[in-house]
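In: Next come a sequence and a model predicted from it.
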Amino acid sequence: MADVMIIGAGPAGLSAALRIRREGLSVQVFEGSMPGGQLVNAGVVDNVPGILKVDGYRLASNMLNQAAGLGAEMVYERAEKVTGTGHGFSVLAGGTAYEGKALILAPGVVQRKLAIPGAEELAGKGVSYCVAADAGSIRDKDAAIVGGGNAALSGAAALAGLCRSVYLIHRREQYRADTAVVTEALSHENVVPILSSTVTGLVSGEDGKLSGVTVRDKDGREKTLAVSGLFVSIGQVPDNEMFRDLVELDENGYIRTCPDLSTSRPGVFAAGDGRAKDLRELTGAIADGTMAASAAAAFVRSL
């Protein structure tokens with residue numbers, strides 16, 4: 001039985017694992033996707049004090065290696081079910097039940113899907129939700145990104161070095177990303193802003209892959225952009241549905257927490273973008289992980 005089990009290996013989960021190991025306790029971290037969470041899609045990260053610039057994927061890898069190097073046990077399986085037991089908690093992952101004394105929920109968020117005809121059928125065939133994973137497939141071709149936040153703008157900057165052109169589509173008149181991120185993205189000559197517009201249709205070629213996207217501006221005019229890839233970055237939703245019967249969620253599905261990041265269930269703590277809070281940034285996720293781990297360690301020692 002582990003002292004603490006952590007669901008999610010994003011910045012919050014990995015920071016928590018690091019702190020738990022430094023507390024001298026055992027920890028298991030469950031991750032069914034790519035460790036690092038949203039950080040792996042961040043491109044260049046420059047908002048961490050003391051670090052001028054670092055690639056998001058590299059920073060995520062460093063965090064993983066640091067936690068694992070201190071003895072955090074990584075379980076590369078998605079948690080399928082979480083339940084309380086008479087002496088702690090059970091996590092079912094990959095068909096195996098794991099047990100622990102305390103639990104930290106750090107599942108993060110998942111990308112909101114593009115809700116237009118053909119989006120599901122063309123997923124993996126030109127429609128993507130991850131620049132880091134799929135950018136290489138459209139090298140020297142034309143691409144589009146839909147979204148206006150930091151992830152979308154950072155993705156455009158990353159694609160600018162690979163693609164002939166990058167259309168940056170946003171439904172508002174201005175991008176909502178941080179000013180520095182917008183400036184970086186638009187400094188590339190091959191990044192083409194398309195504002196006050198929405199994606200209304202997808203075009204597939206004879207090979208069944210994406211060949212274009214149709215966009216409509218605020219005046220109702222439509223045009224089709226010839227692209228080989230569409231990267232969707234239109235926001236995130238919490239990945240907390242499996243915890244609904246375990247802890248209290250708010251009206252939007254985020255985990256409610258107390259100041260020490262404990263939840264409505266004794267022995268369960270939450271950290272990162274999946275908990276109810278106002279600001280979701282990398283430094284906040286790191287701080288969350290540290291705070292939740294400290295509280296979880298104190299809980300374990302109190303048993």
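Out: Done, it's in.

In: what are the ranges of the strands in the stretch 101-250 of the chain?
Out: Applying DSSP state E, counting those that start in this stretch to the stretch 101-250 of the chain gives strands spanning 109-111, 127-128, 142-146, 165-169, 191-194, 197-204, 210-217, 222-226, 229-232, 236-238.

In: model confidence over the second one, on average?
Out: By that I understand strand 127-128. Model confidence over strand 127-128, given as mean pLDDT, is 92.

In: How about the third one?
Out: The average of the pLDDT scores along strand 142-146 is 96.

In: picking up where we left off before, for residue 259, which of the strands of the stretch 101-250 of the chain is the nearest?
Out: Nearest of these to residue 259, taken as Cβ to Cβ: strand 236-238 at 20.0 Å. All C-beta atoms are positioned from the backbone trio N, CA, C, and that covers glycine.

In: by contact count, what packs against the next helix-or-strand element following the closest one?
Out: Remark: after strand 236-238, the chain's next helix or strand is strand 268-270, criterion DSSP states H and E. Here strand 268-270 touches strand 96-105, helix 282-302, going by 3 or more Cβ pairs under 8 Å, 6 or more residues apart in numbering; DSSP states H and E.

In: Could you tell me the angle between the shortest one and helix 282-302?
Out: Translated: strand 96-105. Per axes from the mean of the first three to the mean of the last three Cα atoms, to 10 degrees, the angle that strand 96-105 makes with helix 282-302 is 110 degrees.

In: what number of residues lie near residue 241?
Out: 11 (other Cβ atoms under 10 Å).

In: between the helices and strands packed on strand 268-270, which gets nearest to residue 81?
Out: It's strand 96-105; of the helices and strands packed on strand 268-270, that one is closest to residue 81 (Cβ to Cβ) at 8.8 Å.

In: what does the average pLDDT come to for the closest one?
Out: Rounded mean pLDDT across strand 96-105 is 97.

In: so what's residue 227 up against?
Out: Shown in contact with residue 227 (Cβ atoms under 8 Å, 6 or more residues apart in numbering): 126, 141-144, 167, 210-213.

In: ok, back up a step: may I see the strands of the stretch 101-250 of the chain organised as CSV, with mean neighbour count and distance to residue 250 added?
Out: Output for those, formatted as CSV (neighbours: other Cβ atoms under 10 Å; distance: least, Cβ to Cβ, whole Å):
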stretch, mean neighbour count, distance to residue 250
strand 109-111, 18, 14
strand 127-128, 24, 30
strand 142-146, 26, 27
strand 165-169, 24, 31
strand 191-194, 18, 34
strand 197-204, 18, 28
strand 210-217, 19, 34
strand 222-226, 14, 38
strand 229-232, 25, 25
strand 236-238, 18, 9
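
In: among those strands, which is nearest residue 244?
Out: Short answer: strand 236-238, nearest of the strands of the stretch 101-250 of the chain by Cβ to Cβ, at 10.8 Å.

In: Fine, thanks again, bye for now.
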